[in-house]
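Participant: I'd like to go over a predicted model; first the sequence, then the structure.
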Amino acid sequence: MKHTQLKPFPKDFFWGGSTSAYQIEGAWNEDGKGPSVIDMGNHVEGVTDFKVTSNHYHMYKEDVALLAEMGFKAYRFSIAWTRIYPQGAGEVNPKGLAFYDSLINELIKHGIEPIVTMYHFDLPYALEEQGGWSNRATIDAFEQYAKTLYENYGDRVKYWLTINEQNMLILHPGSLGTLDTTMIDPQKTLYQQNHHMLVAQAKAMVLCHEMLPGAKIGPAPNIGVIYPASSRPEDTLAADNYAAIRNWLYLDMAVYGRYNHIAWSYLEEKGYTPVIEDGDMDILAQGNPDFIAFNYYTSQTVGESLNDGNDFSHTGDQHEIVGEPGAYRGSVNPNLQKTEFGWEIDPVGFRSTLRQIYSRYNLPLIVTENGLGAFDKLEEGDVVNDPYRIEFFNKHIEQIQLAITDGVDVFGFCPWSAIDLVSTHQGSSKRYGFIYVDREEFDIKELRRIRKQSFYWYQKLIETNGEVR
């Protein structure tokens, strides 16, 4: 649809940025923090681990001051479960509670709205040793963890996110280096874990509404429009299959408390259906999120499965493969450019994704990740020119405004990432931030913070509420 005049961004729009605890904090074993599955996982050879990262744990005041200088209205970050409960459950860690208390206070002092993700991939290792999400006791541990967060921060935190990219944990379990390779029936086990996570999420949402009636809470999956590889009806059907399995299973459950029928038929066909205990569906039906947060980096394209052994295709990330024999065949989109890491760039698909989510669920939306990873270069005089990132964001922000003009209720944009951090596969060399962190893979130097070209661009954009791009 062509619009002759675009609607402005809402006056109280949450311009901000996002990070996650394990990728930015460092201090992996300090002040009583217990190990997570990330800390104990298998890291990609040749890149740094997550022990120091950007040292945000010790430099958070400097970092928050820079976010405030940029004009951030909101900051989406995650809490490390093992800083609060080193063993995942049991005794709480006072120093962990104190750190996030100070961080939240620092954000509020600078007029920045804290948006808290409760779980961003870093399951406590002690729980993993007891079966992780395969063990229903982890549901109870997550509920207790959520209760502790609400008790300690609920007077100041008004926006909560439950689980970051749960769908990626299930669809691409090997990409984090935390997959249990001893599983006898991996896919069936993963979908049982998925069910337990969905129940845990619903319990956390119910508890939030009970304890914090003035707060809002929502899920945070990775959602992207799925294109058919051609206009062949079989390819369109395949795209419907993949959209249901990748996107709608997670949001249908969060919003409606039920399994998407296409996704469920897939689970039945493959023998992956989870054990659903008495009361589970009642709990799931009570979740009722107040909004939907989602991460968008790219669209995906699939075609009809030919069951010929060639249904799998890389997404551009060597650790993430798309394809499911009998359901859909991974493909590429020849109409899209790619990043230097092979990810397809699709701003228009961003608009389509926003429209699809809002049309299905009619809930306010906030974008909690979107960004461009690149090998940024520090030049003489502490200059970092990243016009490619500015161009990427310009095109995507334009599509948000078009979606708003289409009638979609979007209340925030928190791209990845606020500050350079350690990327999951490419370490510290693959940079996403508006702020450069001066370190290399195995030389942390002084971790100086340096404003990139995109820092000043985003500062102006926020100042004008998206009018000047």
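Facilitator: Now that the structure is in, tell me what you want to look at.
Participant: Pretty sure G257 sits against M281.
Facilitator: Yes: the criterion here is Cβ atoms under 8 Å, and G257 meets it with M281 at 7.0 Å. C-betas here are computed from N, CA, C, even on glycine.
Participant: And these two? Which one has more around it.
Facilitator: Neighbours were counted for G257 and for M281 using other Cβ atoms under 10 Å; G257 has more, 18 against 15.
Participant: Give me the three-state assignment for T368.
Facilitator: On the three-state scheme (DSSP: H, G, I helix; E, B strand; the rest coil), T368 is labelled strand.
Participant: Now for G218: which residues touch it?
Facilitator: By Cβ atoms under 8 Å, 6 or more residues apart in numbering, the residues touching G218 are W160, L161, T162, A254, P289, D290, F291, I292, A293, L363, I366.
Participant: W133: which of the residues you listed is nearest?
Facilitator: Taking Cβ to Cβ as the measure, W133 lies nearest T162 of those, at 13.6 Å.
Participant: Which residue, other than its chain neighbours, is closest to the closest one?
Facilitator: Distances taken as Cβ to Cβ, 6 or more residues apart in numbering place Q201 nearest to T162, at 4.4 Å, with adjacent residues excluded.
Participant: Count the neighbours of S230 for me.
Facilitator: 13.
Participant: Then S429?
Facilitator: Number of residues near S429 (other Cβ under 10 Å) recorded here: 18.
Participant: In a strand, it, correct?
Facilitator: No: judged by three-state DSSP, S429 forms no part of a strand; its state is coil.
Participant: begin at 337 from here
Facilitator: Happy to do that; since the first residue is 337 now, the last one works out to S765.
Participant: Looks like Y486 contacts L548 (just checking).
Facilitator: Yes: contact criterion Cβ under 8 Å: Y486 and L548 qualify, at 5.6 Å.
Participant: Please list all residues in contact with E465.
Facilitator: E465 neighbours (Cβ under 8 Å, 6+ apart): none.
Participant: what about it, distance to T474?
Facilitator: Distance of E465 to T474, computed by Cβ to Cβ, to the nearest Å: 11 Å.
Participant: can you check G353 too?
Facilitator: Separation of G353 from T474 (Cβ to Cβ) stands at 30 Å.
Participant: before we move on, what about Y586?
Facilitator: Noted for Y586: a distance of 18 Å to T474, by Cβ to Cβ.
Participant: more crowded one of these two?
Facilitator: Each of Y586 and T474 has its neighbours counted (other Cβ under 10 Å); Y586 has more, 27 against 24.
Participant: ok, for the more buried one, nearest residue in space, not its chain neighbours?
Facilitator: Of all residues not flanking Y586 in the chain, P557 sits nearest, at 4.5 Å (Cβ to Cβ, 6+ apart).
Participant: how about the one you found, phi and psi?
Facilitator: Note on P557: backbone dihedrals following degrees, to the nearest 10 are phi -80, psi 170.
Participant: Low-confidence bits of this protein, can you list those?
Facilitator: Scanning the chain for pLDDT under 70 picks out 650-655.
Participant: For stretch 616-635, measure first residue to last.
Facilitator: End-to-end distance of stretch 616-635 (Cα to Cα, to the nearest Å): 32 Å.
Participant: before we move on, what about stretch 506-519?
Facilitator: Stretch 506-519 has an end-to-end distance of 14 Å (Cα to Cα).
Participant: That one: which residues count as buried?
Facilitator: Neighbour counts over stretch 506-519 (16 or more other Cβ atoms under 10 Å) mark I506, L507, H508, P509, S511, L512, T514, L515 as buried.
Participant: Farthest pair within those?
Facilitator: L507 and T514 (14.3 Å).
Participant: what's the following helix or strand after the longest helix along the chain?
Facilitator: Using DSSP state H, we find that the single longest helix of the chain is helix 522-547. Remark: after helix 522-547, the chain's next helix or strand is strand 552-556, criterion DSSP states H and E.
Participant: so what strands line up beside that following strand?
Facilitator: Here strand 552-556 is paired, per DSSP bridges, with strand 495-500 (parallel).
Participant: Now do the strand it pairs with and helix 522-547, the angle between them.
Facilitator: Orientation check (axes from the mean of the first three to the mean of the last three Cα atoms, to 10 degrees): strand 495-500 against helix 522-547 gives 170 degrees.
Participant: and for strand 495-500, what are the contacting residues?
Facilitator: Taking contacts as Cβ under 8 Å, 6+ apart, the residues outside strand 495-500 that touch it are 356, 410, 412, 414, 449-457, 485, 533, 536-537, 540-541, 544, 551-556, 629, 631, 704.
Participant: repeat that for 6 Å
Facilitator: Applying Cβ atoms under 6 Å, 6 or more residues apart in numbering, the set of residues contacting strand 495-500 from outside is 451-456, 537, 540, 544, 552-553, 555-556, 629.
Participant: Helices of the stretch 587-736 of the chain, start to end?
Facilitator: Along the stretch 587-736 of the chain, the segments classed as helices by DSSP state H, counting those that start in this stretch run 597-606, 616-621, 683-697, 723-741.
Participant: quick one: which of these is nearest V758?
Facilitator: Proximity to V758, assessed across the helices of the stretch 587-736 of the chain by Cβ to Cβ, is greatest for helix 723-741 (18.0 Å).
Participant: now the helix or strand following that closest one: how far from the chain's centre is it?
Facilitator: Note on helix 723-741: by DSSP H and E, the next helix or strand toward the C-terminus is strand 746-749. In this view, strand 746-749 has its centroid 15 Å away from the chain centroid, taken as Cα atoms, centre = their mean, to the nearest Å.
Participant: Give me the helices and strands touching strand 746-749, please.
Facilitator: Judged by 3 or more Cβ pairs under 6 Å, 6 or more residues apart in numbering; DSSP states H and E, strand 746-749 is in contact with strand 701-705.
Participant: again, only this time at 7 Å
Facilitator: strand 350-354, strand 701-705, helix 723-741 (3 or more Cβ pairs under 7 Å, 6 or more residues apart in numbering; DSSP states H and E).
Participant: And the helix or strand following it, what's buried?
Facilitator: Using DSSP H and E, the helix or strand that follows strand 746-749 in sequence is strand 771-774. By neighbour count with 16+ other Cβ under 10 Å, strand 771-774 contains the buried residues I771, Y772, V773, D774.
Participant: if we can go back for a sec, just the buried residues of the contacts of G554.
Facilitator: Among these, the ones that count as buried by 16+ other Cβ under 10 Å are W496, L497, T498, A590, P625, F627, I628, A629, L699, I702.
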